[in-house]
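Visitor: Below is the structure, and that's it, no one-letter string:
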């Protein structure tokens, strides 16, 4: 998605340790007009699939998924919640996820009321790096005996193994921008 | 907002301890078509005000604010982040907030890059109870020498002191549904 690549180049900031900050438009301050472009593009990428629901994870996936739903006939959007403790509420599906960024494990959870058997669920998130968050969401969907249609990602870090991990599980991955490498503050797209 | 009251009555669940669960449409599973109605109504309530930015707080305020922004000429939306630790990053405005629900203090924070002097900022959130989260956001806005236009709330617990606390600070509060009391599982609106 060319407009996204341009936005990353003009508004993104590469910090020490090759960390990409896109908090000016994506995950702290949010450009909702641009989110509509993102939503349209996700629809285009998944237009041949039946989608009953969108699943995302708090916090930065929420608005992206919410705006995208407008292009998927306003299907319900569920956001999985994160917690440090393993909540053993019998009404919840839970999955343990490792965060490389925060160097700790956390639990993602979603109510059993909102992941139903046979539903076709599209996962949407802002970043794909190691794929841990996506794997947690896939685990939750499978616990609910629903179907994973695919994973829609705004920015993929192509130099990290997330895509490989998901594709090995036969999950369709659509990323709107794939960063091949960052070097000396410069961003190279795939 | 009659459609909201109806939705609360039909899809909300009152749990023991008079806790209102609206996770079927508002803060876990989200009805994005209905969020558009909410956004339109916020615009109606604040139509006489100049709004440069919307500020909300993770996680359940994010999609509501994001969809609402579509009715405020796509102004930028910033979501304040919550953390357990007081982050003393000099690039952040922070404020300490007490959560009665979780019975603990936490810190809300927003980047200084996204709260600018003189900006007219509308706060949007899903619930108003004791007003603690709203006070934290107001504190952040004032640290940035920006103006608080008002606070737009989806559901106000009218039996808790949030409105009083905010109005004493001359803050305009607009709630789309105000619950006067919950009694024996029944919801009474103001």
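Guide: Arrived safely. Predicted model, so just to flag it, every value in this text is computed and none were measured. Numbering: from 1, shown residues only, chains lettered A, B, ... in the order given.

Visitor: CA only for contacts and neighbour counts going forward, please
Guide: Noted.

Visitor: what about the strands in chain A?
Guide: Secondary structure of chain A by DSSP state E: the strands cover A:13-15, A:19-21, A:29-30, A:53-57, A:77-83, A:92-99, A:104-111, A:120-128, A:147-157, A:173-183, A:186-189.

Visitor: Buried deepest among the ones you listed, which one?
Guide: strand A:53-57 (a mean of 26; mean count of other CA atoms under 10 Å in any protein chain shown).

Visitor: so what does it touch, helix or strand wise?
Guide: Here strand A:53-57 touches helix A:61-69, strand A:77-83, strand A:120-128, helix A:132-143, going by 3 or more CA pairs under 8 Å, 6 or more residues apart in numbering or on different chains; DSSP states H and E.

Visitor: Now tabulate those in JSON lines and tack on distance to chain B and mean pLDDT.
Guide: Formatted as JSON lines, the helices and strands packed on strand A:53-57 follow (distance: least, CA to the nearest CA, whole Å; pLDDT from 0 to 100):
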{"stretch": "helix A:61-69", "distance to chain B": "5", "mean pLDDT": "98"}
{"stretch": "strand A:77-83", "distance to chain B": "4", "mean pLDDT": "95"}
{"stretch": "strand A:120-128", "distance to chain B": "13", "mean pLDDT": "98"}
{"stretch": "helix A:132-143", "distance to chain B": "14", "mean pLDDT": "98"}
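
Visitor: From chain B, how far off is residue A:16?
Guide: Using CA to the nearest CA, to the nearest Å, residue A:16 is found at 16 Å from chain B.

Visitor: Strand A:120-128 and the biggest helix by length in chain A, what's the angle between them?
Guide: For chain A, the longest helix by residue count, based on DSSP state H, is helix A:32-45. Here the directions of helix A:32-45 and strand A:120-128 differ by 130 degrees (axes from the mean of the first three to the mean of the last three CA atoms, to 10 degrees).

Visitor: Is there contact, residue-wise, from helix A:32-45 to chain B?
Guide: Yes - contact between helix A:32-45 and chain B, assessed by CA under 8 Å from any CA of the partner chain, occurs at A:32-33.

Visitor: Name the surrounding residues that touch that helix.
Guide: For helix A:32-45, the surrounding residues in contact (CA atoms under 8 Å, 6 or more residues apart in numbering or on different chains) are A:1, A:64-65, A:67-72, A:152, A:154, A:174, A:176, B:66-67, B:69-70, B:74-77.

Visitor: For PyMOL, write a command that selects the buried ones of these.
Guide: Applying 16 or more other CA atoms under 10 Å in any protein chain shown to the contacts of helix A:32-45 leaves a buried subset, and the PyMOL line that selects it is:
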select buried, (chain A and resi 64+65+67+68+69+70+71+72+152+154+174+176) or (chain B and resi 66+67+69+70+74+75+76+77)
